[in-house]
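# turn this into a structure:
(one chain, ligands or ions: 1)
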Amino acid sequence: MRKGIPKSLVEQPLSRRDFLGAAGGAGFGLCASLIAPGFARLSAESAGGMDMKLNTNESRGSTGWVSDERYLRHTLGQRHPESPERLRAILRQFKEGGLEQAVVPIMPEADPLPYIRMVHSEDHIEKVAQQAHDEAICRLAVSGALSAVDAVCAGEVKNAFCAVRPPGHHAANNGEFGFCFYNNVAIAARYAQRQHQLSKILIVDWDYHHGDGTEWAFYEDPSVLTFSTHALHAFPGTGAADKIGRGPGEGFNLNVPLPRGAGDRDILRAFDERLIPAAEDFRPDMILISAGFDARQGDPLGDFTITDAGFAKLTELVMSLAATYSESRMVSILEGGYNTEGLALAVDAHVRGLLGV
Ligand SMILES: [Zn+2]
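Residues are numbered from 1 along each chain as shown. Now for the predicted structure:
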């Protein structure tokens, strides 16, 4: 049987019920090893005529949410697209949409500096101190990601979303780049390895822009598999498909550029054809998501047309990988997304996916 998500999911929009039903069906794509145990159970139940409530008993209260009012203090100047209003919109939707009652709050408490130093040079840290409006807030974003890793690894929650600013996936060792200061997701990967003895980390980056800083951090490292979908024709111009890693890291860096106007079908196909087989070979101990929502339709900095339902499907797909290989350990960290109201709705859809509701 062909591995991967059902062809029908790529070709046409399906409801979550259809997706899960198809996943459990004998004649469709998802291989047995990919179907999360919970998903398989749900399919069996639905086949028996039970109403499918999407795993709510198992997953209620099992998604962590990291945020902190201090993230609103960080600014890159008036009218800059990476504005506090992005997070304000997310927090408004979080309260009004009811997610606030459904998630487990996680405070950013972990000490990030030793782990920042595992990715960035002292020179870079000094540059951030000079460039950032408030370097402490940049550190606090890292801390949020690390605290989410702690909560997931301690079994307090199954997965977590970090509503943090500033974003991180462009940060390397050259000071601020692409609105990023410290590479939150890269540091979280190192933290999971060092602090929690998890060997292999998969980073999934669906931001519109290539996660060049993350690629840089692990380009020669086979213990971190990096997967990025992005626009090659946009900032920062990196992310060609032939950049596959170097030395021992060769084959552990997967770039899948998407065409202008790419939509749900394109990105789901990329995940189906490239991410799933790579994850099956890699068998990650934990999955981190660089969750950028500037790939969403209507974003002022992007030209992709991913819908909120598309992000929900990507979430389900990555969760099924986490359930199969990583004991469901997954932490998602906010990257871009500049249409503030659209960003808030996409985050809402993503976190509902994490909750399984
Ligand atoms: Zn971006």
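# now the phi/psi pair for residue 332, please.
The phi/psi pair for residue 332 (degrees, to the nearest 10) reads phi -110, psi 130.
# neighbours of the closest residue to it other than its chain neighbours, how many?
Spatially, and ignoring its direct neighbours in sequence, residue 332 is nearest to residue 289 (3.9 Å; Cβ to Cβ, 6 or more residues apart in numbering). Just so you know, the C-beta spots here come from the backbone N, C-alpha and C atoms, and that holds for glycine as well. Other residues lying near residue 289 total 28 when counted by other Cβ atoms under 10 Å.
# ok, residue 289 touching residue 329?
No: with contact defined as Cβ atoms under 8 Å, residue 289 does not reach residue 329; the gap is 11.9 Å.
# and stretch 261-278, which residues are buried?
262-272, 274-276, 278 (16 or more other Cβ atoms under 10 Å).
# which residues touch the residue in the stretch 201-350 of the chain positioned nearest to the ion?
Across the stretch 201-350 of the chain, no residue is closer to the ion than residue 336, which sits at 2.9 Å (Cβ to the ion). Residues near residue 336 by Cβ atoms under 8 Å, 6 or more residues apart in numbering: 82, 167, 179, 207, 208, 209, 292, 293, 294, 301.
# including neighbour count, could those residues go into TSV?
Shown next, in TSV, are those (neighbours: other Cβ atoms under 10 Å):
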residue	neighbour count
82	20
167	30
179	20
207	27
208	26
209	29
292	29
293	29
294	28
301	19
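# near the ion, which of these show up?
207, 208, 209, 292, 294 (Cβ under 5 Å from the ion).
# need those residues in CSV with distance to residue 192, pLDDT and secondary structure, can you?
CSV is the format used below for the ones next to the ion among the contacts of residue 336 (distance: Cβ to Cβ, whole Å; pLDDT from 0 to 100; DSSP: H, G, I helix; E, B strand; the rest coil):
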residue, distance to residue 192, pLDDT, secondary structure
207, 20, 98, coil
208, 26, 98, coil
209, 24, 98, coil
292, 20, 98, coil
294, 26, 98, coil
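# show me which residues of the stretch 101-250 of the chain sit near the ion.
207, 208, 209.
# 8 Å - rerun?
Applying Cβ under 8 Å from the ion, we find that the stretch 101-250 of the chain lies next to the ion at 167, 169, 170, 178, 207, 208, 209, 235.
# right, and the first one touches residue 176 too?
Meaning residue 167. No: using Cβ under 8 Å, residue 167 makes no contact with residue 176, being 11.0 Å away.
# what ranges does the protein have for its strands?
63-66, 104-106, 159-162, 201-205, 224-230, 253-257, 286-291, 330-334 (DSSP state E).
# quick one, the longest one and strand 201-205 angle?
So the one you mean is strand 224-230. Relative orientation of strand 224-230 and strand 201-205, computed by axes from the mean of the first three to the mean of the last three Cα atoms, to 10 degrees: 10 degrees.
# partner strands of strand 224-230, with direction?
Sheet pairing of strand 224-230 (DSSP bridges) gives strand 201-205 (parallel), strand 253-257 (parallel).
# how about JSON lines for those, with mean neighbour count and mean pLDDT added?
Output for those, formatted as JSON lines (neighbours: other Cβ atoms under 10 Å; pLDDT from 0 to 100):
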{"stretch": "strand 201-205", "mean neighbour count": "28", "mean pLDDT": "99"}
{"stretch": "strand 253-257", "mean neighbour count": "22", "mean pLDDT": "98"}
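# now tabulate the ones you listed in a markdown table and tack on distance to residue 162.
Putting the strands paired with strand 224-230 into a markdown table (distance: least, Cβ to Cβ, whole Å) gives the following:
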| stretch | distance to residue 162 |
| --- | --- |
| strand 201-205 | 14 |
| strand 253-257 | 23 |
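# the ones you listed: which one's closest to residue 122?
Taking Cβ to Cβ, strand 201-205 is the member of those nearest to residue 122, at 24.4 Å.
# in contact with residue 203, which residues?
Residue 203 touches 185-186, 189, 211, 214, 218, 224-227, 287-290, counting by Cβ under 8 Å, 6+ apart.
# name whatever forms a beta bridge with it.
residue 226, residue 288.
# quick check: the gap between it and residue 103.
Counting by Cβ to Cβ, to the nearest Å, the gap from residue 203 to residue 103 is 22 Å.
# check residue 338 too.
From residue 338 to residue 103 the distance is 24 Å (Cβ to Cβ).
# what pLDDT does the model give the residue nearest to the spatial centre of the chain?
Nearest residue to the geometric centre of the chain (Cα atoms, centre = their mean): residue 289, 2.0 Å. For residue 289, the pLDDT comes out at 99.
# flag the shaky bits of the stretch 101-250 of the chain, pLDDT-wise.
For the stretch 101-250 of the chain, no stretch has pLDDT under 70.
# check the gap between the residue lying closest to residue 346 once chain neighbours are set aside and residue 207 for me.
Nearest non-adjacent residue to residue 346, counting by Cβ to Cβ, 6+ apart: residue 293, 4.1 Å away. Here residue 293 is placed at a distance of 8 Å from residue 207 (Cβ to Cβ).
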